[in-house]
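Enquirer: output the structure for:
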Amino acid sequence: MQVTIDGRIALQGEVLVPGDKSISHRAAIFAALAEGESEIRGFLTGEDCLSTLACLHQLGVAITRDKTTVRIQGVGLTGLREAENVLDCGNSGTTARLLLGVLAGQPFFSVLTGDASLRKRPMARVTEPLIAMGANIMGRAGGTLLPLAIVGGSLQPSHYHTPVASAQLKSAILLAGLYAEGETMVVEPEQSRDHTERMLAAFGADVSVAATAVTLHGQPRLQGRLVQVPGDISSAAFFLVAASIVPASDVLVRNVGINPSRTGILEVLQAMGATLTLYNEREESGEPVADIRVQSAQLTGVELSGALIPRLIDEIPIIVVAALFANGQTIIRDAQELRVKETDRIAAVVEEFAKLGASIIATEDGFVIEGGQQVHGGVVNSRGDHRIAMSLSIAALRATSPVTVEDAHCVAISYPRFWETIKTLQSDDK
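Expert: This next block holds a predicted model:
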């Protein structure tokens, strides 16, 4: 599938972005491990989250779905059953890594795999602490790449200092800690997104947080509940940047999650001079939510590094787009995690944007971008990475001629209606 974007049209109107991907994954998994029924509203029906539902179904969990409402009959911590086939995580690193944590506590055999991209992504940082807790894990490259076979059960609690700030790693260890008698603690060098600890507490687990340390008391009885999933700020980021860089634009993005561990994108855009206003701030299912209005503005370059990076790692490709059209230089450091995402996002950004005439310098852990650039039309390729596809399309809104994005279907991983949303905001008939 390919899509052609013809830009130079002001964006006007309202956007309701899909449900938060991180929260949707976790809501499904915790609902499966709870006792009783849970109802999840606003669930992201992108391919990644559907992979999580499919794996849970194979593990014996009854699930029904009506559009974006999902009902899950929880089986409790000990109610999962051995799957009859390999568990296919598709393109979803979150599905694979979080399920490794769950399966580490199960006294049966499981095999996890994924698509060609996911089979290249590193799993050692998750498998090593799980093996130390007592799980048996084998697989390719010494148990560091999918497919992975796992037999769990009889876990010991862990006090683990993670080498990097990673919500997936933290979550996998905490999920395994549910099955260990005693106290499991995860300490990160910087705080990563905190949806897991918030949701564990909401489902009834005994969780405490102190600075970058999360402590969980094992073997709780989780209880089914209603979960309202807010709009995904990572999806909203594309339109926050788009409305900032396209002249005469004015866009309202409704129902966006503004969890403090995820709002780095808002802080960066405000530091760059974006015109952002938050309305109707509220809390839903333990997560802060707001409506965000953004109007076009002349942006200015910034330097990003350190503790801020884990809070906006998924938004860095679209921040690069903002930097291209800003005044001055933008430098991004400490983002080496980008090299082990769905693709090497540092290489992908530099090489694909060069096809549009953009000059971006890659470093080992980030970028140097001189602002004030102009991009032209051309043909680019997403490399199967949804965030690369969407970032290229937002840059295309400022291109001097149409841009065609090849392998555009991958946006369905997180934002199935993305292309329609662009057309709606460009339309004069609202």
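
Enquirer: point out where this structure drops to low pLDDT.
Expert: Filtered on pLDDT under 70, the chain yields the residue ranges 428-430.

Enquirer: okay, now the domains of it?
Expert: 2-19+230-426, 21-228 (automatic domain parsing).

Enquirer: straight-line length of the first one, end to end?
Expert: Looking back up the chat, that one is domain 2-19+230-426. In domain 2-19+230-426, first residue to last residue: 19 Å (CA to CA, to the nearest Å).

Enquirer: same question for the last one.
Expert: Across domain 21-228, the terminal residues are separated by 13 Å (CA to CA).

Enquirer: relative to V241, how far out is the nearest residue to S235 once chain neighbours are set aside?
Expert: Once flanking residues are discounted, S235 sits nearest to V17: 4.2 Å by CB to CB, 6 or more residues apart in numbering. C-beta coordinates here come from the backbone N, C-alpha and C atoms, glycine included. For V17, the distance to V241 (CB to CB, to the nearest Å) stands at 13 Å.

Enquirer: the two - which one has more neighbours?
Expert: The neighbour comparison of V17 against V241 (other CB atoms under 10 Å) goes to V241, with 29 against 26.

Enquirer: the more buried one contacts I394, doesn't it?
Expert: Yes - at 5.8 Å, V241 counts as touching I394 under the criterion of CB atoms under 8 Å.

Enquirer: what touches both of these two?
Expert: By CB atoms under 8 Å, 6 or more residues apart in numbering, V241 and I394 have these common neighbours: I318, V321.

Enquirer: buried sites along stretch 9-20?
Expert: Residues I9, A10, L11, Q12, G13, V15, V17, P18, G19, D20 are the ones in stretch 9-20 that count as buried (16 or more other CB atoms under 10 Å).

Enquirer: would you confirm that V209 contacts T196?
Expert: No - counting by CB under 8 Å, V209 stays clear of T196, with 10.7 Å between them.

Enquirer: between those two, which is the more surrounded one?
Expert: T196 (30 against 13).

Enquirer: so who does the more buried one touch?
Expert: Residues in contact with T196, defined by CB under 8 Å, 6+ apart, are R26, A167, K170, S171, L174, L175.

Enquirer: is it true that the fourth one touches R26?
Expert: This points to S171. Yes - contact criterion CB under 8 Å: S171 and R26 qualify, at 7.2 Å.

Enquirer: of these two, give the one with the bigger neighbour count.
Expert: Neighbour count, other CB under 10 Å: between S171 and R26, S171 has more, with 30 against 25.

Enquirer: can you pull the contacts of the nearest residue to F30 once chain neighbours are set aside?
Expert: Leaving aside its chain neighbours, F30 sits nearest to F203 (4.9 Å; criterion: CB to CB, 6+ apart). By CB under 8 Å, 6+ apart, F203 lies in contact with F30, A31, A34, L222, Q223, G224, R225.

Enquirer: 10 Å instead?
Expert: Contact partners of F203, counting by CB atoms under 10 Å, 6 or more residues apart in numbering, are 26-27, 30-31, 33-35, 38, 74, 220-225, 227.

Enquirer: cool, and E281?
Expert: For E281, the contacting residues are I258, P288, V289, A290, D291, by CB under 10 Å, 6+ apart.

Enquirer: residues touching the third one, list them.
Expert: V289 sits next to 20, 228, 230-231, 233, 254-259, 280-283 when contact means CB under 10 Å, 6+ apart.

Enquirer: of those, keep whichever come out buried.
Expert: For the contacts of V289, a burial check counting by 16+ other CB under 10 Å picks out D20, Q228, P230, G231, I233, R254, N255, V256, G257, I258, N259.

Enquirer: out of the residues you listed, who's nearest G328?
Expert: Among these, I233 lies closest to G328 (CB to CB), at 25.5 Å.

Enquirer: test my guess that that closest one contacts E315.
Expert: Yes - applying CB atoms under 10 Å, one finds I233 in contact with E315, separated by 8.1 Å.

Enquirer: mutual contacts of those two, please.
Expert: In contact with both I233 and E315: L240, R262, G264, I265, L266, using CB under 10 Å, 6+ apart.

Enquirer: can you tell me the SS state at the second one?
Expert: Okay, so that is R262. Following DSSP: H, G, I helix; E, B strand; the rest coil, we place R262 in the coil state.

Enquirer: what about it, neighbour count?
Expert: For R262, using other CB under 10 Å, the count is 29.

Enquirer: please tell me I have it right and W419 contacts F238.
Expert: No - counting by CB under 10 Å, W419 does not reach F238; the two are 11.6 Å apart.

Enquirer: looking at these two, which has the bigger crowd around it?
Expert: Set W419 next to F238 and count neighbours by other CB under 10 Å: F238 wins out with 26 against 19.

Enquirer: ok, A62 - contacts?
Expert: A32, E37, L56, R71, I72, Q73, G74, V75.

Enquirer: check for me that the third one belongs to a helix.
Expert: Yes - the assignment for L56, made by three-state DSSP, places it in a helix.

Enquirer: what about H159, how many residues close to it?
Expert: There are 12 residues near H159, going by other CB under 10 Å.

Enquirer: contacting residues around it?
Expert: So H159 contacts I173, E183, T184, M185, V186, V187, A213, T215 (CB under 10 Å, 6+ apart).
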